[in-house]
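J.: Sequence and computational prediction follow.
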Number of protein chains: 2
Amino acid sequence: MKDPVAKTLAGDLGAAATLMRALDDDLPGARAALRAIYPHGGRAFVVGVTGAPGVGKSTLVDALVGAARARGERVAVVAVDPSSPFSGGALLGDRVRMQRHALDDGVFIRSLATRGQQGGLSRSTTATVAVLDAVGFPLVFVETVGAGQAEIDVADATDAVIVVTAPGLGDEVQALKAGLLEIADVLVVNKGDRDGADRAIADLTTMLALAAFPSRPGEPRRTPPALIRASATAGTGVGDIMAALDALRAAPVAEREARRRRQAVRQITALVGEQARATARAAIGTEDAPGPLAATVNQVAARKLDPWSAAEALTTHSR
Amino acid sequence: MKDPVAKTLAGDLGAAATLMRALDDDLPGARAALRAIYPHGGRAFVVGVTGAPGVGKSTLVDALVGAARARGERVAVVAVDPSSPFSGGALLGDRVRMQRHALDDGVFIRSLATRGQQGGLSRSTTATVAVLDAVGFPLVFVETVGAGQAEIDVADATDAVIVVTAPGLGDEVQALKAGLLEIADVLVVNKGDRDGADRAIADLTTMLALAAFPSRPGEPRRTPPALIRASATAGTGVGDIMAALDALRAAPVAEREARRRRQAVRQITALVGEQARATARAAIGTEDAPGPLAATVNQVAARKLDPWSAAEALTTHSR
């Protein structure tokens, strides 16, 4: 890579793509380039799109990309694969995404495997978003799947979160219980022309009315999310979603800064935890190449020591 | 608590329940009691039951509990709520679970909120399972919901994992892509009398045949999971699942010990990461009570510093 930092900051998409691949593969120099680029970012509006499998997130992102392009805005998409954390996503092969934008220079799409590490979303997604921000995309969608930690992480990496649900997926209320309501800035009932959509809208309206409205501990009370009925395939509701995003984008600077500070706290603590786990794994080593603390693990496996005391021993060791 | 360790080890369920609540609330002495109890465990066979919302996990666990009771085995259930990680599960109130076992002394049911912290499942679940093991339950089911990190964690806390799917939930193959196939020892198609069950069985059979069979990096190749069609409501297939569990339970000691060593590594590294995050959070403090490294976070929020360098600064600080 010849000066990937300057090239990326000058808007060179090829250089940015090379840098993203280098970051994925953890090549020498990639992290230093990322660190150099980071302070130049912060201009992009980053939108997370999340929800259970089958709600039509990809189709919705496709429609939102179309809406952004229709008004001339360049847009990037980071698709965090629902792939295996162990096999790295090769199980069913790569999907071909959003073909209709494939030849549009104003659209950049990048797929990431989650790779299974705890905090994995935050690491690769934060880095990818930082590069897309630095190379000049004003709007970035981050699509994640499932219900769990990844969805909580996405709130830490984005400026706004769209939570997508759909009628007929069993109990959508149950899906929303998995922490999604708290991170939603926009709540979309996709496939809004299907049976059950009225009921889903009614249920969610009740839930939103009953909710306190919940916020994360230590954070200011949040405004309830906008509730929007849409059909990504028919194109209905997409304009409403874009309008809701524009309203969030126009949030007062103080509000946005407070959110970014909270994000910074969570990103940094996640990185610290990741680093500590890596150090501990190195001290344990493998069965073939045991490290200085392999014996501690064997004691736990044999129930001669509890894992909490072992963790303390490892923490002390790494100091 | 008067000598909760001795009482729990003597099989006193009331003392065990008190200890579990004390651990949840992190009361003084609770962790010390847990550490004292831990080495006396290791006899229970701990089975994780996981899958997407709506597949009927609770009903299946209920049926498995019934089967265990029918042969006279005492059994405990740890239900890890799909509740909000922020609101701690109060959003829709507690569910009343498995009423038919409510008056059975041989069944103990405990609900845990996930509480949203990364590694949260490993912490509270590991502790609860350790107490249930110590108080003498030979069989413990751990039910978790969703598709994501929690499901991977459950493999670290259990001796065997049942992955439950069901026809008609959109794309069950997609749900399985989220890492579940790799952790499954038993793969159950629940609601097996419904339309689409034949197709689901056929699809999963193909997937299992095509899979390598995947295993986690650095671990020995695994035996493909048993694939069982069941209907928890009709009671079909439940005997087959119990038989598959009994076969796993009879695994050679060396195999079980290898699994427990791998679990120990992951539990310990997760705890180390958790501790490091907590230390970092304390060093950052809150907006009202900033810690020594609050300024570092403000620099990241203002894009004057990147989060990776900030994490290094925090890691160095805590040494």
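T.: Cool, got the structure. Treat the numbers as computed from the prediction; the structure is a model and nothing was measured.

J.: C-alpha only now, for contacts and for neighbours.
T.: OK.

J.: Low-confidence stretches in chain A?
T.: In the predicted model, chain A carries pLDDT under 70 at residues A:1-2, A:81-100, A:102, A:113-123, A:145-153, A:169-179, A:211-222, A:317-319.

J.: Spatially, which residue comes closest to the residue of chain A most remote from its centre, not counting chain neighbours?
T.: Most distant from the centre of chain A: residue A:304, at 40.1 Å, with distances by Cα atoms, centre = their mean. Distances taken as Cα to Cα, 6 or more residues apart in numbering or on different chains put residue B:39 closest to residue A:304, at 5.5 Å, once the chain neighbours are dropped.

J.: and that neighbour, what does it touch?
T.: A:303, A:304, A:305, A:306 (Cα atoms under 8 Å, 6 or more residues apart in numbering or on different chains).

J.: do residue A:19 as well
T.: Going by Cα under 8 Å, 6+ apart, residue A:19 touches A:4, A:30, A:33, A:131.

J.: likewise residue A:167?
T.: So residue A:167 contacts A:189, A:190, A:191, A:192, A:194, A:195, A:196, A:197, A:200 (Cα under 8 Å, 6+ apart).

J.: If any of these are buried, put those into a ChimeraX selection.
T.: Of these, the buried ones go into a single ChimeraX selection, burial set by 16 or more other Cα atoms under 10 Å in any protein chain shown:
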select /A:189,190,191,192,197,200
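
J.: Name the nearest of the contacts of residue A:167 relative to residue A:236.
T.: In terms of Cα to Cα, no member of the contacts of residue A:167 lies closer to residue A:236 than residue A:192, at 8.5 Å.

J.: isn't the closest one right next to residue A:233, touching?
T.: No. Contact criterion Cα atoms under 8 Å: residue A:192 and residue A:233 do not qualify, at 10.1 Å.

J.: what about the strands in the stretch 51-200 of chain A?
T.: A:75-80, A:107-112, A:139-143, A:160-165, A:186-189 (DSSP state E, counting those that start in this stretch).

J.: Neighbouring strands of the shortest one in the sheet, and parallel or not?
T.: Put plainly, it is strand A:186-189. strand A:160-165 (parallel), strand A:226-229 (parallel) (DSSP bridges).

J.: nearest to residue A:254, of these?
T.: strand A:160-165 (15.2 Å).

J.: Can you flag which of the contacts of residue A:167 belong to helices?
T.: Mapping the contacts of residue A:167 onto helices (DSSP state H) picks out A:197, A:200.

J.: Look up how far residue A:3 lies from the residue nearest in space to the middle of chain A.
T.: For chain A, the residue nearest the mean C-alpha position is residue A:154 (3.3 Å; Cα atoms, centre = their mean). Relative to residue A:3, residue A:154 is positioned 30 Å away (Cα to Cα, to the nearest Å).

J.: So for residue A:22, which of the strands of the stretch 51-200 of chain A sits nearest?
T.: Residue A:22 lies closest, by Cα to Cα, to one member of those: strand A:107-112, at 13.0 Å.

J.: Run the angle between the closest one and strand A:139-143 for me.
T.: Interaxial angle of strand A:107-112 relative to strand A:139-143 (axes from the mean of the first three to the mean of the last three Cα atoms, to 10 degrees): 30 degrees.

J.: got the contact list for residue A:187?
T.: Going by Cα under 8 Å, 6+ apart, residue A:187 touches A:162, A:163, A:164, A:165, A:225, A:226, A:227, A:228.

J.: Compute the number of surrounding residues for the second one.
T.: As a burial measure, the neighbour count of residue A:163 was computed by other Cα atoms under 10 Å in any protein chain shown and equals 27.

J.: thought it was touching residue A:50?
T.: Yes. Using Cα under 8 Å, residue A:163 is in contact with residue A:50, at 5.0 Å.

J.: Can you tell me, leaving aside adjacent residues, what's nearest to residue A:301?
T.: Of all residues not flanking residue A:301 in the chain, residue B:261 sits nearest, at 4.8 Å (Cα to Cα, 6+ apart).
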